[in-house]
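**Q** everything below, folded, please.
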Amino acid sequence: MRQALAFLSVIVLAIHGVVFRDQLVARWQEHQTQYFAQAEKLADNPEVKKTLAARRPAIEQIIVRSFGPERVDRCTTCHIAIDDPRFEKADQPLRTHPQIPGHKFETFGCTLCHEGQGRGVEAFDAHEGGHDWPWPLLDKELIEANCVQCHNDPGWAHAPKVAAGRKLFFERACYTCHTISGLSYGSIGPELTEVGRKRRASFVKEKIENPRASNPVSTMPRQDLTPEQVLELTTFLKAQQGNRITRAPIQQFLATQAARPESLPLTSVVGAEMAAQLAALPAAQRGEAILPKVGCLSCHKLGDRDGKVGPELGYTSVQRGHDWLMTHFKDPKAVVPGSLMPPYPLPGEAFEDLTQHLLARPLPALAADPASEYKELCARCHGETGKGDGVIAQYLDPRPRDLTKAAFMRTKTRERLTTSVMEGVGGTSMAPWGGVLGQERAKALVEYVIATFTKGEDRFPKDRKFPQANPVAFSVESAARGEAVYLNRCWGCHGKKADGNGPNAVSISPRPRNLRNKPFVTSVSYARLHESIKYGVQGTAMPAAGYDFNLSDEQIGDLLNYVLQINGLGQATPKLAFDKPSPPIPTAR
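**A** Numbering: from 1, shown residues only. The predicted structure follows:
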């Protein structure tokens with residue numbers, strides 16, 4: 001027993017000895033002592049040997065004053081052999097730093113390029129700087145990001161990752177959402193002018209790989225990037241360390257805002273060489289050439305490319321007209337208010353070229369049976385089993401209809417459902433498919449959907465009575481009465497702004513209708529709107545207000561006049577010019 005206690009005591013004393021030694025002798029002192037001993041052996045000059053033998057460990061530092069705020073770099077306290085060529089094969093931290101012509105250590109220091117906490121002398125403090133330090137030691141693959149802080153020519157040959165990342169920034173449509181001062185003017189996502197200075201590279205990389213990793217409700221789409229492309233885009237964004245406009249003096253801020261361009265020159269997006277080549281091409285060919293370069297395919301599907309965020313573009317030529325496309329490019333929310341797509345900061349000529357190309361594209365081949373048609377045309381939004389959970393459903397607002405809900409599907413006439421397929425649903429991502437399918441194939445597709453996905457029997461409403469036109473003439477007084485009804489009965493779901501974001505909306509599926517969706521309001525008849533309010537919408541949370549709330553036809557008329565008013569409409573609700581679908585093809589392909 002005594003022997004065991006004695007043995008244990010020795011172990012405890014040894015551990016204490018190691019701990020005390022670590023407290024009294026720092027690792028940097030060991031590194032310097034090791035360097036002095038090895039350098040003394042390698043020296044062939046007696047005076048040098050004598051000097052090295054007499055040296056004692058001491059904190060080394062470089063004060064850098066030539067590049068921005070003063071920096072104090074103590075990295076050479078451990079990396080003491082960085083300028084000693086005899087140690088180029090030694091292990092870190094005693095390895096020689098590669099020579100870079102024109103870059104003297106006493107002028108540039110270390111953290112200007114490598115980052116890290118320059119004042120630290122312990123490895124963790126110097127390399128990580130603490131968990132809240134935004135500039136930990138930069139991975140070697142990302143060093144280019146700091147090289148271009150001085151070598152800021154966009155074509156600098158020694159920063160290929162930054163150049164490739166810049167190209168991806170435009171090709172993947174990042175520029176349409178994000179602002180980088182002097183480069184892009186997006187207004188939907190966070191400003192990236194200083195992201196390289198404010199965020200760790202690991203955060204930027206994670207955000208690119210999975211936008212919802214740090215923000216579960218992020219609307220930023222997840223891109224299909226290779227590891228090398230992620231590294232390139234991370235390096236480019238890490239290079240963005242400029243001054244934010246909003247931190248500048250107010251006069252500079254106002255002047256910059258006044259000079260903010262309406263669009264970016266095409267040369268900034270596709271490069272000067274390609275822009276020059278495009279000048280000699282017809283409009284449709286120019287559109288074909290720039291479409292994959294300006295970011296469209298980072299979201300949309302076309303041919304073999306699929307961004308898995310936006311709708312298919314292959315059928316655009318018979319679904320949308322010239323005016324619709326031009327409006328959509330300039331302001332997507334003008335035609336689909338819930339659209340995730342940002343307004344593209346391209347010149348009008350580029351929009352015209354893209355429009356001409358999309359309208360001139362031949363239609364893809366399409367199988368003749370309804371099952372194949374559903375898989376190719378519908379499953380992308382509505383899902384393979386019709387539950388409204390297609391690959392792009394999470395990015396669409398309103399979400400695609402759940403076709404398995406019998407309460408909705410079995411209470412709508414075949415004519416109503418076929419019309420939705422043929423003409424689309426205004427103000428949503430449901431495009432008109434009449435020009436692709438024709439009347440008979442659209443009917444067959446509806447029958448296939450109901451037979452395959454929707455259980456139960458048809459339960460069409462009977463004996464419904466509602467006016468075909470508003471019984472109350474539009475007036476400011478009528479709209480005011482309608483607003484009172486709305487605030488008393490409707491806002492809990494549809495929101496006080498009537499945008500479908502009421503306090504109850506979070507737990508409702510499908511979400512309440514956005515009543516400020518002007519393209520939708522103008523695309524449906526008054527009778528349909530009145531019926532939906534009076535009798536409710538089966539399969540949704542919309543109650544029968546005519547009975548549950550005892551609203552009269554006149555009160556519903558006032559309510560719909562209020563809806564017209566908030567959409568800037570008066571008595572008539574004509575279809576918008578760009579909302580008119582293309583005519584169906586006369587014969588099936």
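**Q** what about Ala479, how many residues nearby?
**A** 22 (other CB atoms under 10 Å). No exception for glycine: its C-beta is placed from N, CA and C like everyone else's.
**Q** which strand or helix spans it?
**A** In this structure, Ala479 is located in helix 476-489 according to DSSP states H and E.
**Q** what does the helix or strand that that helix is followed by rub up against?
**A** The helix or strand immediately downstream of helix 476-489 is helix 491-494, counting by DSSP H and E. Helix 491-494 is contacted from outside by 486, 498, 500, 502-505, 508, 512-515, 541-542, using CB atoms under 8 Å, 6 or more residues apart in numbering.
**Q** and if we set it to 10 Å?
**A** Residues from elsewhere that reach helix 491-494 (CB atoms under 10 Å, 6 or more residues apart in numbering): 486, 497-498, 500-505, 508, 511-516, 540-543, 563.
**Q** just the buried members of those residues?
**A** 486, 498, 500, 502, 505, 511-516, 540, 542, 563 (16 or more other CB atoms under 10 Å).
**Q** tell me, what residue is most central in the protein?
**A** In the chain, the residue lying closest to the centroid (CA atoms, centre = their mean) is Met220, at 2.4 Å.
**Q** in the stretch 451-589 of the chain, which spans are helices?
**A** 476-489, 491-494, 518-523, 526-535, 545-548, 553-566 (DSSP state H, counting those that start in this stretch).
**Q** returning to what we had before: and the pLDDT at the residue nearest to the centre of the chain?
**A** Note on Met220: pLDDT of 90.
**Q** also Gly295?
**A** Gly295 is given a pLDDT of 92.
**Q** against Gly116, how distant is it?
**A** 35 Å (CB to CB, to the nearest Å).
**Q** more neighbours, these two?
**A** Gly295 (24 against 20).
**Q** quick revisit: list the buried ones in the helix holding Ala479?
**A** Buried-residue list, helix 476-489, by 16+ other CB under 10 Å: 478-479, 481-483, 485-486, 489.
**Q** what does that helix rub up against?
**A** With CB under 10 Å, 6+ apart as the criterion, helix 476-489 contacts 470, 472, 475, 490, 494, 496, 498, 515, 533, 543, 545, 548-549, 551, 554-566, 570.
**Q** what's the average pLDDT for that helix?
**A** On average, helix 476-489 scores 96.
**Q** can I get it in PDB, CA atoms only?
**A** Taking C-alpha atoms only, helix 476-489 is exported to PDB below (Å, rounded to 0.1, in the frame of the first residue of the first chain):
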ATOM      1  CA  VAL A 476     -63.900  55.800 -51.300                       C
ATOM      2  CA  GLU A 477     -66.800  55.400 -48.800                       C
ATOM      3  CA  SER A 478     -67.400  51.800 -49.900                       C
ATOM      4  CA  ALA A 479     -63.600  51.100 -49.500                       C
ATOM      5  CA  ALA A 480     -63.600  52.600 -46.100                       C
ATOM      6  CA  ARG A 481     -66.500  50.400 -45.000                       C
ATOM      7  CA  GLY A 482     -64.600  47.400 -46.500                       C
ATOM      8  CA  GLU A 483     -61.500  48.400 -44.500                       C
ATOM      9  CA  ALA A 484     -63.500  48.300 -41.300                       C
ATOM     10  CA  VAL A 485     -64.800  44.800 -42.100                       C
ATOM     11  CA  TYR A 486     -61.300  43.700 -43.000                       C
ATOM     12  CA  LEU A 487     -59.800  45.000 -39.700                       C
ATOM     13  CA  ASN A 488     -62.600  43.300 -37.800                       C
ATOM     14  CA  ARG A 489     -62.600  39.900 -39.500                       C
END
